[in-house]
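Q: after the sequence you'll find the predicted model.
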Amino acid sequence: MQIERTALPGIGIGYTLHTVEGRSLGVLHHHGGRRDLLLYAPGDPDTVERSVRLTPAEARELAELLHPVATIDHVPDLEQRAGKLTVAAVPVTAVSPHGGRVLRDVVADVPGVTVVALLRDGRTITAPGPDHRLAHGDALLVAGTPEGVGALSRRLTPAEP
């Protein structure tokens, strides 16, 4: 699948996806944060047949419905643009001593790292609170310094004896 990205000066960025059935869908990301979901006319990639205006919150929720781990798909690009920022999905493995513990106790003394989301059973829980209880099989989507992310990864996935 290919997604085309087009800069639209003064407006924002347009993204176009071509489906296997030959339809074209688009997302127009305005500079102000609003997004428009676009359905192009069959066989005419320049004519918008229908559009739906989405607030930033509606766009995030729709992304969650379409692909629960959409955020992870964009991580390599984010890492390239952010320089010293590292973004990673850190698993809570079956051998982790932290399954069943609350998030606060697991990350409180790890400097330079922020938990962005918790991935569980194909679902994404964005910005989990400090009292959120971890389970074996979860993964934490974290952002931070390479040292902080590495320290949290070592804590959650200890080397097997």
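A: Structure received. Numbering: from 1, shown residues only.
Q: what segments of this structure are helices?
A: Using DSSP state H, the helices assigned to the chain run over residues 56-66, 70-73, 75-82, 103-107, 146-156.
Q: now for the residue lying closest to Asp36 once chain neighbours are set aside, how many residues are close by?
A: In space, and not counting its chain neighbours, Asp36 is closest to Leu28: 4.3 Å by Cβ to Cβ, 6 or more residues apart in numbering. Every C-beta, even on glycine, is put in place using the N, C-alpha and C of the backbone. Using other Cβ atoms under 10 Å, Leu28 has 21 other residues around it.
Q: what of the one 10 residues further on?
A: Leu38 has 18 neighbours, counted by other Cβ under 10 Å.
Q: how about it: what's its closest non-neighbour residue?
A: Gly26 (3.7 Å).
Q: that neighbour and Arg60: what is the separation?
A: 18 Å (Cβ to Cβ, to the nearest Å).
Q: what about these two, which has more around it?
A: Between Gly26 and Arg60, Gly26 has the larger neighbour count (other Cβ under 10 Å), namely 20 against 14.
Q: who's that one bridged to?
A: Taking DSSP bridges as the rule, Gly26 bridges to Thr16, Leu38.
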